[in-house]
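# Sequence and computational prediction follow.
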Amino acid sequence: MTTAAPRRDVPATLEEVAERTQEAWGTYRETLRDLTGRDYDDAEHRAWAVLQRDLRDLEERRAELEAASLLPR
């Protein structure tokens with residue numbers, strides 16, 4: 001019989017979701033920190049797309065965790 005290990009890349013708690021949300025915004029800011037002009041414009045579009053994807057995934061996970069917390073045990 002095989003067992004599945006918990007996935008490290010998926011937050012297991014609402015606190016982890018909040019933490020990862022802050023990390024996603026930090027990564028976005030850090031990616032753009034020292035850029036100016038055209039370099040900033042080019043990088044910002046890519047960084048924004050990555051941020052939006054990450055935030056969408058985290059929001060989905062938050063909703064899953066909240067729904068699971070409402071289930072009777």
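Received the coordinates, thanks.
# Could you use CA atoms for every contact and neighbour count after this?
Fine.
# Give the helix, strand or coil label for residue 72.
Secondary structure, DSSP: H, G, I helix; E, B strand; the rest coil: residue 72 is coil.
# Count the neighbours of it for me.
Neighbourhood size, residue 72 [other CA atoms under 10 Å]: 5.
# May I see the buried residues of the helix or strand containing residue 52?
In this structure, residue 52 is located in helix 37-70 according to DSSP states H and E. Going by neighbour count (16 or more other CA atoms under 10 Å), the buried part of helix 37-70 is 44, 47, 51, 54, 55, 58, 61, 62, 65.
# May I see those residues arranged in TSV, with distance to residue 28 as well?
Shown next, in TSV, are the buried residues of helix 37-70 (distance: CA to CA, whole Å):
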residue	distance to residue 28
44	8
47	6
51	6
54	11
55	11
58	15
61	20
62	20
65	25
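# so residue 54 makes contact with residue 22?
No - with contact defined as CA atoms under 8 Å, residue 54 does not reach residue 22; the gap is 10.9 Å.
# three-state assignment of residue 11?
Taking three-state DSSP, the label given to residue 11 is coil.
# Which pLDDT value goes with the residue nearest to it when sequence neighbours are not counted?
Spatial nearest neighbour of residue 11, excluding adjacent residues (CA to CA, 6 or more residues apart in numbering): residue 17 at 5.7 Å. Residue 17 carries a pLDDT score of 98 in this model.
# ok, residue 17 to residue 46 distance?
For residue 17, the distance to residue 46 (CA to CA, to the nearest Å) stands at 22 Å.
# which intervals of this structure have sub-threshold pLDDT?
1-8 (pLDDT under 70).
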